[in-house]
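>>> Any chance you could fold what I've pasted below:
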Amino acid sequence: MLELTGERVIPEKMDPLNGMLLEHLARYYFSVEYANGRVLDIASGTGYGTKIIAKAQKSVLKEIVAVDNDEETLRYARAKHYHPLIHYKKLNAEDTELPQKLGQFDVILSFETLEHLSQEETFMNNLYTMLKPGGTLIISTPFGAGRGKPTNEHYHIHQLTENEFIRLFDLYDEKEFYYQRSVLLEPKREGKHYPFGIAVCKKKKHD
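The predicted structure follows:
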């Protein structure tokens, strides 16, 4: 049985008012209206968010590929959050051959992933390659002291600064940045502190 440890989000085993759960749910509900066609949810965890997208957007979706690197977590997702549009796959987000294995997508979602990865450039290149021209990427991360700097979060390699996060998307044609405090996601307001950043980026239709 999958245990509730670390940063693993298992809604069925958590208080409905748990702050981390609410933050994660807010990001998925924020992204619902963007989802269409073929969707990738990379680092999908236990699948609860992938299923939110599948149920809400089933009329405009072809499929959702949900990728995670932990087989036990994927078994739980398949059992608890099955949906006919979802295909759960065990793959590594930092695998340079990931685009060849998965193909291209109209929309890519990746929430709270960057801070766990040592091969950030490979990951970002994978996302760009897997996104169809004109496609949309929605990605979030917590802010911190910066790339390569220590963090108090046990499971995080580091936490990017806001400027480091924004610079990741220079290749994209259209970029919008949102900021999150608890369940509130909004454009940046001066003087406000935001623990999380969310980028919504469109790839150029023609490179």
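>>> contacts and neighbour counts: CA atoms only from here.
OK.
>>> Quickly note the distance from G197 to H24.
Look at G197 and H24: by Cα to Cα, to the nearest Å, they are 13 Å apart.
>>> Repeat that for E12.
14 Å.
>>> the more surrounded of the two?
Ranked by neighbour count (other Cα atoms under 10 Å), E12 and H24 place H24 first, with 17 against 10.
>>> A strand includes that one, no?
No - H24 sits outside any strand when classified using DSSP: H, G, I helix; E, B strand; the rest coil, being helix.
>>> list the buried ones in the lengthiest strand in the chain?
The longest strand of the chain (DSSP state E) is strand 131-142. Buried residues in strand 131-142, counted by 16 or more other Cα atoms under 10 Å: L131, K132, P133, G134, G135, T136, L137, I138, I139, S140, T141, P142.
>>> Report the contact partners of the third one.
In this case it means P133. K203, K204, K205, H206, D207 (Cα atoms under 8 Å, 6 or more residues apart in numbering).
>>> what's the neighbour count on Y179?
22.
>>> So it: helix, strand or coil?
With three-state DSSP as the criterion, Y179 reads strand.
>>> Residues in a beta bridge with it, which ones?
E186, G197 (DSSP bridges).
>>> OK, contacts around the residue most central in space within the chain?
Nearest residue to the geometric centre of the chain (Cα atoms, centre = their mean): S110, 1.6 Å. By Cα under 8 Å, 6+ apart, the residues touching S110 are D41, I42, A43, S44, I138, I139, S140.
>>> Mind putting those into TSV with pLDDT and distance to K58?
Supplementary listing: the contacts of S110 in TSV, determined by pLDDT from 0 to 100; distance: Cα to Cα, whole Å:
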residue	pLDDT	distance to K58
D41	98	15
I42	97	19
A43	94	21
S44	94	18
I138	98	19
I139	97	21
S140	96	24
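>>> Would you mind giving the secondary structure of the residue located most distally from the centre of the chain?
Of all residues in the chain, G191 sits farthest from the chain's C-alpha centroid, using Cα atoms, centre = their mean; the distance is 26.7 Å. The three-state label given to G191 by three-state DSSP is coil.
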